[in-house]
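Peer 1: Starting from these lines, generate the structure:
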Amino acid sequence: WAELHSLMSLACSQQIERRLVSLTESSTTSIEHEYLRALVLHLMNAGSLTASQVEFIWGELDDWCSPLRLTLEQSAANAFFVDLGGREGLRRRKAGALEGRVLFLDTRPLHAVMVQHAVTLEHKIKAEPLSNRTPRRSEQLTLFTKLAAQVDPEFRPFARRGERVTTTGNVDAIVGFQKIASYFKEEAHEPIPLADTTGESFDSTMDIAVFGRIRDEPTRRNELARRRIGAHAAAGGPWEAKDVSQTGFKLIAPIQVANAVTLGTLVAIHPHGQPRWTLGIIRRMKRTAADRAEIGLQIVADTISAVDLVEQRKRGADEYSIDGEGTTINGRRFGALLLALRARDGEPMVQSLIVPAVEYQPVKRYRLSTSKTDYTIRFGRLIEQQPDWIWTAIEPLQAGTKTTSPHVPPGSTLQ
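Peer 2: Model prediction:
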């Protein structure tokens, strides 16, 4: 940003920022126009846009930004401004005086375009609800509604689903379905609970120096657990927690991790000093510095278990048998994650599964096996689908189960 602002400052000082420049034989632009395209793209992307959406927006910004101009006077109390001497993009003005070389941007023309696109799409969806274009139009409507909110000249904060509380501390993070499943499978076979300790003691350090090993059992157990976590955790070390709510976390991650993940990636986090893991889905990413990125994580489970699913088949037929009137044989076996989430205190746990995307077959029945339970299920309502995993509800099948199946209240939804 500092380099881009300095180039714009140089153009303004020589009064050439609006002079037309030929990029090709049939295309002209100006320094201010290109500068505005970069500013508006950054303003529109709060971190929740996909790569294809960003590419689409960039292709449209040439037209969208054509009526925009930077001015010395603000158009509204909460107008957007850019500080040419700073290191940030467009910001909304707050109460108080502004210092520095400040230019204002009136986003009303841009906001009107976003609203017009949204209204047009709404009319098309209502007029042709059964059209094969409706899913695509619905996605576009969601995008334009989001963009309109980002560039709205009037400040209208979003209503939050949960109150955010500022927090501090580090969390261990395991990224990706396969690594998460591998870690919890090892934990199921050979549990190593983290002891409740605040740090290494001098005595333990002396034990390592003198005897080459740790004699203190809680410290030794912690060391083994840390090694197992380190073998599966994301590169770059622990992440930093910034705030937490009932529905999610705001985390600061090393940039090498942010460059390797996408929206919709599964992440299991373990706050230091706490015994429980939490599973979440990356919903927002935004680079905040050269070496760090801000990640918004939606909580989907506060209890995670590795389970095996075994396909149940009736010998010699395509139909299944779970009532004892035929012989069932075991088919393919694969690993999955059994999730449980209590949406509110006092409510029952709601269970669901995350399975590899290639294994999702709703019509089949499976034996769900853990070290303590074994019962028959089939996949229920599909909750979310990503390229490498699918999140699905569970429909327990009572007949033929060895233990009581998990209770899933009718109509329950996972937050």
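Peer 1: What segments of the stretch 51-200 of the chain are strands?
Peer 2: For the stretch 51-200 of the chain, the strands defined by DSSP state E, counting those that start in this stretch cover 70-71, 80-83, 91-92, 102-105, 165-166, 170-175.
Peer 1: want to throw those strands into CSV with mean pLDDT?
Peer 2: Listed next are the strands of the stretch 51-200 of the chain as CSV, based on pLDDT from 0 to 100:
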stretch, mean pLDDT
strand 70-71, 92
strand 80-83, 93
strand 91-92, 90
strand 102-105, 92
strand 165-166, 84
strand 170-175, 92
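Peer 1: ok, how many other residues are close to S66?
Peer 2: By other C-beta atoms under 10 Å, the residues close to S66 number 11. Heads up, the C-betas are built off the backbone N, CA and C, glycines and all.
Peer 1: right, and it touches H33 too?
Peer 2: Yes. Under the criterion of C-beta atoms under 8 Å, S66 makes contact with H33 at 7.4 Å.
Peer 1: chain center to the longest helix seen in the chain: distance?
Peer 2: Longest helix in the chain by number of residues, with DSSP state H as the criterion: helix 108-127. Distance, stretch centre to chain centre, for helix 108-127: 27 Å (C-alpha atoms, centre = their mean, to the nearest Å).
Peer 1: buried residues in it?
Peer 2: R108, L110, H111, V113, M114, V115, H117, A118, L121, K124, I125 (16 or more other C-beta atoms under 10 Å).
Peer 1: Also stretch 39-50?
Peer 2: Using 16+ other C-beta under 10 Å as the test for burial, stretch 39-50 gives L39, V40, L41, L43, M44, N45, G47, L49.
Peer 1: what mean pLDDT does that stretch have?
Peer 2: For stretch 39-50, mean pLDDT rounds to 90.
Peer 1: can you list contacts of stretch 125-133?
Peer 2: For stretch 125-133, the surrounding residues in contact (C-beta atoms under 8 Å, 6 or more residues apart in numbering) are K124, T134, R137, S138, L141.
Peer 1: what ranges do the helices span in the stretch 151-300 of the chain?
Peer 2: All helices of the stretch 151-300 of the chain, identified by DSSP state H, counting those that start in this stretch, fall at 177-189, 202-211, 217-232, 255-258.
Peer 1: and those, which one is worst for confidence?
Peer 2: Ranked by mean pLDDT, these end with helix 202-211 at the bottom, a mean of 43.
Peer 1: Pull up the gap between G248 and I229, please.
Peer 2: Distance, G248 to I229, using C-beta to C-beta, to the nearest Å: 22 Å.
Peer 1: Looking at these two now, which is surrounded by more residues?
Peer 2: Of the pair G248 and I229, G248 is the one with more neighbours under other C-beta under 10 Å, namely 22 against 19.
Peer 1: give me every residue that touches the more buried one.
Peer 2: Residues near G248 by C-beta under 8 Å, 6+ apart: G162, G280, R283, G296, L297, Q298, I299.
Peer 1: just L4 next, same as before
Peer 2: Applying C-beta under 8 Å, 6+ apart to L4 gives the contacts Y35, A38.
Peer 1: What about it? Give its phi and psi, please.
Peer 2: Torsion angles at L4 (phi, psi; degrees, to the nearest 10) stand at phi -60, psi -40.
Peer 1: swap in A234?
Peer 2: Phi and psi for A234, reported as degrees, to the nearest 10, are phi -70, psi 150.
Peer 1: Give me the residue ranges of the protein where confidence is low.
Peer 2: Within the chain, the stretches with pLDDT under 70 are 156-162, 191-221, 314-330, 343-347, 371, 398-415.
Peer 1: go again using 50 as the cut-off
Peer 2: 197-212, 214, 319-325, 399-415 (pLDDT under 50).
Peer 1: Can you tell me who the residue positioned nearest the centre of it pairs with across the strands?
Peer 2: Residue closest to the average C-alpha location in the chain (C-alpha atoms, centre = their mean): I282, at 1.2 Å. Beta bridges link I282 to L297, judged by DSSP bridges.
Peer 1: That one contacts E294, correct?
Peer 2: No. Contact between I282 and E294 fails when scored by C-beta under 8 Å: they sit 11.0 Å apart.
Peer 1: What is the lengthiest strand in the chain packed up against?
Peer 2: Selection of the longest strand in the chain by residue count, based on DSSP state E, yields strand 328-341. When contacts are defined as 3 or more C-beta pairs under 8 Å, 6 or more residues apart in numbering; DSSP states H and E, strand 328-341 packs onto helix 177-189, strand 292-301, strand 303-314, strand 350-356.
Peer 1: Tell me what angle that strand forms with strand 303-314.
Peer 2: Orientation of strand 328-341 against strand 303-314 (axes from the mean of the first three to the mean of the last three C-alpha atoms, to 10 degrees) gives an angle of 160 degrees.
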